[in-house]
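Q: Have a look at this prediction, sequence included:
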Amino acid sequence: MSMIRAAFSVSARSVVASSSRGFHSSPAACTVSEKVAEVAERVNKKVGKGLASAIEKGEQATEKTRETIGSAKEKAAEASTVVGQKANQTAAGAREGARDFKADVKKEARK
């Protein structure tokens, strides 16, 4: 009988071993304070991303403003140069005209 008993016990062990399942454990339920911390972390990240985006947009607007001001300064400098040149031309023309007038007056006076 010992053979039968040995055969039965080996086959019984293999059936029990093959039919047993491993335990599956699910994560423990979060406590209220853990849940609040998770929500606070998500809110903090969203607010941080929003602020970073706003800062980036502000930097872009600042750069565009600087470019606009720079081009406006350049245009103003160009306009100022053009106006200065025209003023110099007008003044030179007036001086030349005055000389011509003076020369004409002297010619007329000699006649």
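A: Structure received. All values derive from a computational prediction rather than experimental measurement. Numbers count the residues shown, from 1 in each chain.
Q: The nearest residue to residue 30 once chain neighbours are set aside and residue 46: what is the separation?
A: Taking CB to CB, 6 or more residues apart in numbering, and ignoring the residues beside it in sequence, residue 30 has residue 38 as its nearest neighbour in space, at 7.3 Å. Every residue, glycine included, has its C-beta placed from N, CA and C. With distances taken as CB to CB, to the nearest Å, residue 38 is found 13 Å from residue 46.
Q: Okay, the most centrally placed residue in the chain and residue 49: tell me how far apart.
A: The residue lying closest to the centre of the chain (CA atoms, centre = their mean) is residue 56, at 3.4 Å. Distance of residue 56 to residue 49, given as CB to CB: 11 Å.
Q: Assign the residue nearest to the centre of the chain to helix, strand or coil.
A: Secondary structure for residue 56, judged by DSSP: H, G, I helix; E, B strand; the rest coil, is helix.
Q: swap in residue 50?
A: Here residue 50 takes the helix state, with states given by three-state DSSP.
Q: ok, it - contacts?
A: With contacts defined as CB atoms under 8 Å, 6 or more residues apart in numbering, residue 50 is in contact with no residue.
Q: ranges for the strands of the protein?
A: Listed in chain order, the strands of the chain (DSSP state E) amount to none at all.
Q: Run a quick check on the residue nearest to residue 30 versus residue 31, I expect a contact.
A: No: proximity of residue 38 to residue 31 does not meet the contact threshold set by CB atoms under 8 Å, at 10.7 Å.
Q: residues near residue 79, how many?
A: Residues within reach of residue 79, counting by other CB atoms under 10 Å, total 10.
Q: Hmm, I typed the wrong one, I wanted residue 98.
A: Applying other CB under 10 Å, we find 10 other residues in the vicinity of residue 98.
Q: Could you measure from it over to residue 105?
A: According to CB to CB, residue 98 stands 10 Å off from residue 105.
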